[in-house]
Every structure is written in C-alpha cells, then in structure tokens.
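Colleague: sequence first, then the predicted structure, then my questions.
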Amino acid sequence: MISTLSPPDVPQLVLEDFARSVYGIAGEWARLEGERDQNFRVTSGESGTWVFKVCHPDEGDDVLACQAEALEHIAKADETLPVPRLRRALSSEALPSLRHEGRRYPVMLLSWLDGGVIGERKLPSEAIHRMGVLLARLGLAMRGFVHGAPAGRKLVWDTRHVLKLRAQIANLPAEDRPLAEDILSRHGDVTEKTLLRMRSQIIHGDVHPYNSLIDAEGRISGIIDFGDIVHGPLVLDLANAAADFLAPGRDNAAMIFELVKGYSSVTPLEEQEADALLDLIEVRLLMTPLVDALKAANGIASQGYFQAFNGRSMPMIRELRKLGHDRLHNLIRRAAAFPPKVQSPPESVGDIIARRRRVMGEKLYVFYDPPLHMVKGKGVWLTASDGKRYLDCYNNVPHVGHCHPYVTEAIARQARTLNTNTRYITDQSIDYAERLGALSSDGLSAVVFVNSGSEANDLAWRMAKAWTGKQGGLAMEFAYHGVSEAIDAFSPSNAPANWYAPHIRLLPPPDVYRGPFGANDPDIGERYAAMADPLIAELEGEGYGVAAAMIDSAFMTNGILDAPKGYLQGVVDRVRQAGGTFIADEVQSGFGRMGTEFWGHRHHGVVPDFITIGKPAGNGHPVGAVITRPEILDHFIRLGPFFSTFGGNNVACAAGIAVLDVIRDEGLLENALATGGYLRDGLRKLMHKHAIIGDVRGVGLATGVELVRDRATKEPAATETSRLLGLLRDEGILIGGEGVFANVLKIRPPLVFTMADADIAVAAMDRALSRL
Ligand code: PMP
C-alpha cells in the first residue's frame with residue numbers, strides 16, 4: 001500500500017500540558033511545517049530549544065520507534081554529525097503517547113539545531129560539497145543500524161515504487177506526459193533491476209533543502225526529519241538530495257558534480273551507483289508531480305515547500321536533458337573518480353592496427369597475424385575483444401596470475417595512500433628490500449631498486465666493473481638481457497647477424513640435445529664449462545679482463561635448456577678465478593619459476609655476486625632491483641651517487657611485497673614443481689604420436705618443446721613451429737616460440753597454472769599437432 005498521510009491537528013494547549021508533565025519542559029511554542037507530523041518549536045530558556053513532534057497515529061509505532069532508535073544510534077556512531085538528538089521523557093520512554101479525542105499520538109522531543117532551512121537559498125560550491133560529505137557520513141553512521149520496521153515500509157516517496165505511480169501520468173498536463181513516460185520506461189528497463197543488487201541499508205531517504213539547515217556563516221549545520229527513514233539502496237540518499245537541490249537559474253551541473261564529489265570523498269560510489277544516479281535523479285524529480293496527482297486523487301491538497309518542488313520538477317528535468325545525458329553522466333562518473341564512458345562505434349582489428357601504426361610506428365612487433373586485441377585478464381586466462389578466452393601458457397610477467405586481486409588491491413591501496421621515492425624514508429622500500437635480502441641470503445642483502453630487468457642488469461654491470469676494475473664480460477650465445485646500450489652487448493639475440501661487442505665473449509650454450517657433448521658424457525658439465533677458458537683468455541689478452549658473466553639460469557632464449565649439473569658452477573669458478581663476478585639474471589628464472597628453489601641459480605647450486613630481477617617481481621607493475629653484497633654496493637656509491645626516480649617507489653614496493661606474499665601463501669613453488677612435471681609428462685606422451693616432437697625439457701613451469709623434421713638429423717622445424725603457434729591460438733592456447741632456430745615451444749605460464757590447465761594445454765597441443 002502506498003500511504004498518503006496529512007499531519008494531525010491537536011490543539012496546542014493540549015500539547016503544552018503534555019510537554020510539561022511528560023518531559024518537564026515549558027516555554028514559547030511556535031508551529032513548524034511538516035508533511036505528516038504536527039511540529040512545534042519549543043524555546044524553553046534554561047533547558048534549550050526543542051522540536052516537539054506529534055506523529056501521525058497511522059504512521060505505525062514500529063516506524064516511529066525505528067526513527068527514535070536511529071537517532072540514538074547515530075548519536076553514538078558519529079557524535080559530531082549534525083542531526084537532532086532524541087530527548088527521552090521523564091519516564092525514560094523514547095516515544096511517549098498522547099491521548100486526544102480517543103486517538104493515541106506518539107510524541108518525540110528532538111533537539112533544535114541552529115540555523116535556518118536552506119530552502120531556496122543558493123549554496124556556494126563549498127557548502128554543496130559539505131552537503132555531500134554530510135550525506136555520506138549520515139549513511140556511514142547508519143550502516144550498522146538494524147531495525148525491522150523500515151524493511152517492509154512502502155512509502156509513496158520511495159523511488160523503487162515509482163512504477164506504481166505510472167497511472168498518474170494520465171493526470172499530468174498533456175505536454176509533460178511523453179517525457180514522464182520516457183523516464184519511467186528507461187527506469188523500468190535498466191535501473192529498477194539494478195537497484196535490487198545495490199548495497200542497501202537503512203537510509204534517511206529524504207534529504208532536501210527544506211530539511212537541511214544552514215547557519216549564519218553559510219555552513220551546512222544540520223540534517224533533520226527522519227520521517228521517511230526506509231531500508232533501501234544507499235545511493236538513493238544521494239540521488240534524492242541531488243534532485244531536490246536542483247533549482248532554476250543555477251549551475252545545476254556544477255551542483256551535482258560537487259555533491260557527488262563530496263559524497264564520494266567519504267564513501268566512494270560503486271560504479272553501478274554512479275551509472276544509475278542520473279536516472280534516479282530524474283525519477284525523483286518526476287515523483288513530485290506524480291505524487292501530487294495521487295494526493296489530488298485522494299483529496300489531499302499539496303502544501304508548503306512541496307508546491308515549490310512540484311512547480312519546478314518538469315522544467316528541471318527538461319533542463320537536465322538539455323545539458324545532455326552523456327555529458328551529465330560522465331560528469332557524475334568524473335566526480336566519483338570513474339573515467340568517462342566513451343560511446344565509440346565498434347572498431348575492427350584492422351582499424352585498431354592502423355591507429356596503432358600511426359602513433360607507435362610502422363613496424364609492428366606483435367604476436368600472431370592478425371594480432372590479438374586483449375581486454376581482460378584473470379588468473380591464467382586472457383580475454384580478447386571478441387570475447388574469446390585464451391589459456392595463457394606464455395606470460396611470465398603476471399607471475400601469480402593476471403590481475404591477482406591481492407596484488408591489485410595492494411597497488412590500489414598504496415596508490416591511494418602515498419607514492420614517492422627513496423630519497424625519503426619509506427616503509428615499503430625497506431620492508432621489500434628486507435624481504436628480498438632474506439630470500440637471497442648468501443651474503444646478498446643490499447638492494448638497489450630500479451624499474452626493469454634491463455636497468456637492473458645495466459646497474460649490476462656498472463657495479464661489477466667498478467668492483468673488479470675490469471671491462472670485459474661473458475654472456476651466452478643468443479642471450480637476451482635487455483635494452484640499454486650496455487646490455488645490448490650482452491644480448492646477441494637482439495640482432496644476431498649484426499652483433500658486435502669487442503669487450504664481450506659469447507659462451508656456447510650447454511645444449512645437451514644439440515650441442516657437441518651428449519647426456520651420456522660423465523663430465524658433460526665440466527666440458528661445456530671449459531669452453532669458457534679460451535674466451536676468458538682472449539678477454540685478458542686484449543686487456544679487458546672479465547668483470548662479470550651474466551647468465552639466465554633458465555637458459556630461456558637458448559630454448560629452455562636443461563643445463564648439465566656442474567656447468568654453471570664451472571663457469572662461475574672460472575670467472576672468479578679471473579677476478580670477475582657472476583650476475584645471476586633472475587628476470588626469467590627467479591621467483592620460483594624453476595620450482596625447486598626461489599632463485600634459478602640455486603637450482604644450479606651457485607652463489608652469485610649479483611641477482612637482478614624484473615618481469616615477475618611486480619606481477620606486471622614495473623619493479624626491478626639489483627641484490628648484491630653490501631661491500632659491493634658501498635664501493636659503488638663511494639664513486640658517485642645513484643638514484644632512480646621511480647625505483648623503489650611505494651606502489652612498486654607494495655606490489656613486490658604482495659607478490660612475495662602470494663608466492664608464499666599459495667604455495668606457488670610447490671605448484672610450479674608439481675604442475676610443471678605433470679605438464680611435461682603429458683607432453684612427452686605426445687611424442688609417441690607426433691614424431692615432430694624432438695625433445696621435451698625444462699624444470700618447474702619453464703618448459704621447452706623442441707620441434708624437428710627428423711629425430712635423427714634434428715633438422716629444426718621452424719616454419720612448422722610458427723604454424724603450430726597459430727593453430728594453438730585457434731585452440732585458445734597462448735604459447736611462444738624460442739631458440740636460435742626458432743623451433744622451440746616456450747611454455748612458461750603464470751605460476752598459478754594447475755594440472756587441469758595442463759590437461760587443457762596438452763589436449764589442445766595434440767589436436768593442433770594433428771592438424772599441422
Ligand atoms: N633479462 C632477461 C633474462 C629477460 O628475459 C629480460 C626480458 N625479456 C630482461 C632481462 C629485460 O627485462 P625488461 O624488459 O624488464 O627490461
């Protein structure tokens with residue numbers, strides 16, 4: 001039932017008697033306006049000023065008890081919130097009853113708040129902002145308030161029941177009817193259902209300029225009249241206020257903007273609330289003429305400020321429409337800190353590529369033809385703009401899964417709190433450095449933060465030269481370590497044909513499958529390591545010496561090699577003998593990728609002088625670092641200061657810490673070991689069926705599958721590999737190609753990859769190989 005009550009009319013003398021005997025107050029009485037209640041202002045000298053409220057007998061005791069309890073709840077939850085305080089009767093009753101002419105009227109005595117109603121006064125934008133803040137605080141103060149009464153309350157003013165007023169459209173002036181119909185259809189199509197899913201609680205329900213107060217200094221000084229208290233979507237308080245504060249001849253867009261901004265500075269809006277707000281404002285405006293029509297049908301004349309609202313409702317709706325729905329909608333989104341919604345026509349992948357070419361260069365370096373347009377990631381899945389989902393068996397940057405909520409939250413929380421640099425003392429950088437140091441041990445406890453793997457390697461190389469006084473370096477053939485000029489010299493895979501770096505020598509990869517020494521050779525590790533000897537001798541002979549060897553413990557670009565036992569230690573021993581250091585590039589192999597240990601070098605039993613990190617450290621957020629021995633760092637910074645503006649910023653470190661937490665808490669090393677082994681077992685089984693698979697190798701979740709045209713000659717199957725990657729893409733599986741012959745499948749998924757995911761990948765691989 002929709003209720004339409006008009007206020008009681010008990011003689012003032014009766015009320016004065018009642019106030020004296022039940023509350024012990026007397027004073028000067030003045031009548032106040034009220035839609036359903038009979039209200040008086042009582043000024044009583046020493047005991048202050050009060051509002052004496054005679055409630056409508058049909059209102060329902062439970063609803064009134066709820067109002068009284070709500071006020072007492074708010075007084076406790078937010079002591080300084082300017083809303084009336086309830087004064088209990090001498091008997092300590094919250095709601096004493098007054099009997100008059102056979103009827104019983106519940107009574108409330110409320111503190112008088114200074115200031116006058118805002119009414120038609122124009123508010124400066126600071127006051128509107130404060131209004132938004134107060135509204136949000138009011139919602140917060142009532143968040144924990146529970147009462148049965150408002151749940152079932154069906155108020156005529158409740159936006160959620162607006163469609164029940166549809167019949168009243170017929171009673172509106174003819175020129176208003178199409179607009180009213182349009183609003184109700186839009187509302188019925190979209191927002192009505194959304195309201196059912198919105199956060200809801202007991203709300204004031206009716207904050208407007210005639211029950212909001214302003215003091216002599218122009219500050220909002222109170223919100224009164226809890227008569228429409230209801231259980232409903234929280235956003236209705238904001239929508240109703242926004243609608244009711246609209247007025248002709250003002251900058252109404254600015255008013256809505258400030259109100260929403262103030263509100264969301266305390267209680268951030270959910271996106272669905274921001275997106276529903278404009279519709280809810282229009283509906284609230286429309287309700288005034290509809291309710292007026294309903295009242296008229298019930299023989300109740302509208303009075304007081306209701307008439308003012310009624311007169312301007314339809315013109316205000318028209319004004320909003322003139323301002324433009326999209327514009328206002330985006331203004332609200334902006335105020336609530338959501339990016340604008342751009343209504344652009346759907347684009348073809350071709351158009352997007354053309355756009356990219358114009359701004360990012362003619363030569364596209366992208367995977368797949370046509371490339372994939374990715375729009376979303378979650379765990380081990382990526383979603384493209386056409387809605388197709390891809391199992392990500394390739395990307396090692398989203399180490400703990402795409403958009404892991406623990407990491408994204410840590411990033412967002414820190415971004416909201418503080419993001420500055422290491423020239424200040426910041427907790428996150430110290431905590432993160434301690435965590436990295438503790439994971440590294442072996443005397444490596446000094447951390448320098450940068451922003452990428454390349455920078456980390458560049459810095460480690462500078463430190464190595466400074467520490468050793470030498471100028472030469474060793475890298476693997478076909479290695480990749482980054483983009484800077486110094487590190488390009490360590491990255492022959494960048495441009496194998498043009499690579500030239502006189503101070504660098506390249507180590508032949510310890511490739512048990514393809515190299516000169518096979519797996520059955522008992523000294524295989526030592527034999528491959530000994531290949532470093534002539535290279536070191538050359539560097540020494542040419543006066544460079546060896547400052548460092550830089551090696552990726554997963555041998556990723558070499559085709560994910562199972563380096564023989566003792567190989568890496570053999571190389572490192574030789575380098576140290578020559579006075580050099582070992583830079584363990586853990587950009588690929590670190591953070592548990594290899595399953596057995598947190599760091600790849602530990603898998604080989606080697607202790608480095610430098611660990612460099614990048615890619616997985618921030619799960620996609622740029623994080624890089626060099627971890628070294630304190631004496632090496634001290635020596636380096638004695639030569640000159642080092643500072644990276646973004647390196648070690650609070651957000652990057654919060655991301656890094658969150659990644660370490662997830663790896664530990666979700667047991668990702670154990671998962672990498674178990675799932676990686678399971679995946680390779682599945683792939684090895686395919687070797688019986690598909691002769692093109694020459695070798696399956698790797699550890700943890702770094703797996704290489706080498707494809708050959710002939711298992712005896714090991715002729716690399718490069719074009720087949722490239723074709724297979726396309727077929728796998730069609731199967732919804734992302735895998736990369738790698739190796740000097742581009743014939744190795746690189747399977748390197750996020751560490752949250754499960755055995756069920758491995759089953760999907762292996763089954764797809766089987767199908768794709770059959771179609772090759
Ligand atoms: N080292 C290794 C082993 C890498 O694989 C990469 C990136 N592929 C880098 C360093 C460079 O890292 P970034 O791209 O973050 O500069």
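Modeller: Okay, I see it. Because the structure is a prediction, the values reported are computed rather than measured.

Colleague: all the strands of the stretch 351-500 of the chain, residue numbers only.
Modeller: Listed in chain order, the strands of the stretch 351-500 of the chain (DSSP state E, counting those that start in this stretch) span residues 374-378, 381-384, 389-392, 446-450, 473-476.

Colleague: select, out of those strands, the one closest to K615.
Modeller: strand 446-450 (12.8 Å; C-beta to C-beta). All C-beta atoms are positioned from the backbone trio N, CA, C, and that covers glycine.

Colleague: just checking, what packs against that closest one?
Modeller: helix 427-440, helix 453-468, strand 624-628, helix 630-639 (3 or more C-beta pairs under 8 Å, 6 or more residues apart in numbering; DSSP states H and E).

Colleague: and the longest strand seen in the chain, which residues are buried?
Modeller: Longest strand of the chain, by residue count under DSSP state E: strand 103-111. Neighbour-count burial for strand 103-111 flags 105-111 (criterion: 16 or more other C-beta atoms under 10 Å).

Colleague: so which residues on this protein come close to the ligand?
Modeller: 452-454, 457, 480-483, 552, 585, 587-588, 614-615 (C-beta under 6 Å from any ligand atom).

Colleague: mind doing that once more with 8 Å?
Modeller: Within the chain, the positions lying close to the ligand (C-beta under 8 Å from any ligand atom) are 451-457, 479-483, 487, 552, 554, 556-557, 585, 587-589, 612, 614-615, 622, 624.

Colleague: which ones are touching the nearest residue to H690 once chain neighbours are set aside?
Modeller: Distances taken as C-beta to C-beta, 6 or more residues apart in numbering put L769 closest to H690, at 4.4 Å, once the chain neighbours are dropped. The neighbours of L769, taking C-beta atoms under 8 Å, 6 or more residues apart in numbering as the test, are 686, 689-690, 692-693, 724.

Colleague: ranges for the helices of the stretch 651-772 of the chain?
Modeller: With DSSP state H, counting those that start in this stretch, the ranges of helices along the stretch 651-772 of the chain come out as 668-686, 718-730, 755-770.

Colleague: dump the last one to PDB, restricted to CA.
Modeller: The C-alpha coordinates for helix 755-770 follow below in PDB (Å, rounded to 0.1, in the frame of the first residue of the first chain):
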ATOM      1  CA  MET A 755      47.100 -29.600 -13.600                       C
ATOM      2  CA  ALA A 756      43.600 -29.100 -15.100                       C
ATOM      3  CA  ASP A 757      45.100 -26.200 -17.100                       C
ATOM      4  CA  ALA A 758      47.900 -28.500 -18.200                       C
ATOM      5  CA  ASP A 759      45.400 -31.100 -19.400                       C
ATOM      6  CA  ILE A 760      43.700 -28.400 -21.500                       C
ATOM      7  CA  ALA A 761      47.000 -27.300 -23.000                       C
ATOM      8  CA  VAL A 762      48.200 -30.900 -23.700                       C
ATOM      9  CA  ALA A 763      44.800 -31.900 -25.300                       C
ATOM     10  CA  ALA A 764      44.900 -28.700 -27.500                       C
ATOM     11  CA  MET A 765      48.600 -29.400 -28.400                       C
ATOM     12  CA  ASP A 766      47.600 -32.900 -29.500                       C
ATOM     13  CA  ARG A 767      44.800 -31.600 -31.700                       C
ATOM     14  CA  ALA A 768      47.000 -28.800 -33.200                       C
ATOM     15  CA  LEU A 769      49.800 -31.200 -33.900                       C
ATOM     16  CA  SER A 770      47.400 -33.500 -35.700                       C
END
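
Colleague: and E270, its phi and psi?
Modeller: phi -80, psi 150 (degrees, to the nearest 10).

Colleague: can I assume V450 is in contact with A625?
Modeller: Yes. Counting by C-beta atoms under 8 Å, A625 is a contact partner of V450 at 6.4 Å.

Colleague: which residues are common contacts for those two?
Modeller: Counting by C-beta under 8 Å, 6+ apart, the residues touching both V450 and A625 are 456, 647.

Colleague: and the two? Which one has more around it.
Modeller: A625 (30 against 26; other C-beta atoms under 10 Å).

Colleague: who are the contact partners of that one?
Modeller: Contacts of A625 by C-beta under 8 Å, 6+ apart are 433, 436, 447-450, 456, 612-613, 617, 647-648.

Colleague: and it, what's its pLDDT?
Modeller: Note for A625: predicted pLDDT of 98.

Colleague: now the one 10 residues further on
Modeller: As summarised for this prediction, H635 has a pLDDT of 98.

Colleague: from I223, how far out is it?
Modeller: Computed as C-beta to C-beta, to the nearest Å, the H635 to I223 distance reads 65 Å.

Colleague: ditto for A761
Modeller: The value you get for A761 to I223, if C-beta to C-beta is used, is 59 Å.

Colleague: give me every residue that touches the closest residue to A652 other than its chain neighbours.
Modeller: Excluding its sequence neighbours, the residue lying closest to A652 (C-beta to C-beta, 6+ apart) is V623, at 4.8 Å. Counting by C-beta under 8 Å, 6+ apart, V623 makes contact with 449, 451, 613-614, 617, 652-653, 655-656.

Colleague: ditto for A335
Modeller: So A335 contacts 256-261, 264 (C-beta under 8 Å, 6+ apart).

Colleague: if we can go back for a sec, reformat the buried residues of strand 103-111 as CSV; add distance to P371.
Modeller: As requested, the buried residues of strand 103-111 are exported to CSV (distance: C-beta to C-beta, whole Å):
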residue, distance to P371
Y105, 74
P106, 70
V107, 73
M108, 68
L109, 72
L110, 66
S111, 67
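
Colleague: for the ligand, state which of these is nearest.
Modeller: If you rank the buried residues of strand 103-111 by distance to the ligand using C-beta to the nearest ligand atom, S111 comes first, at 62.9 Å.

Colleague: residue of the chain closest to the ligand, please.
Modeller: G453 (2.4 Å).

Colleague: can you give me the pLDDT of that residue?
Modeller: For G453, pLDDT reads 98.

Colleague: ignoring the adjacent residues along the chain, who's closest to it?
Modeller: G614 (2.7 Å).

Colleague: how near is Y368 to I202?
Modeller: 54 Å.

Colleague: kindly report the same for T194.
Modeller: 20 Å.

Colleague: between the two, who's got more neighbours?
Modeller: Between T194 and I202, counted using other C-beta under 10 Å, I202 has the larger neighbour count: 25 against 17.
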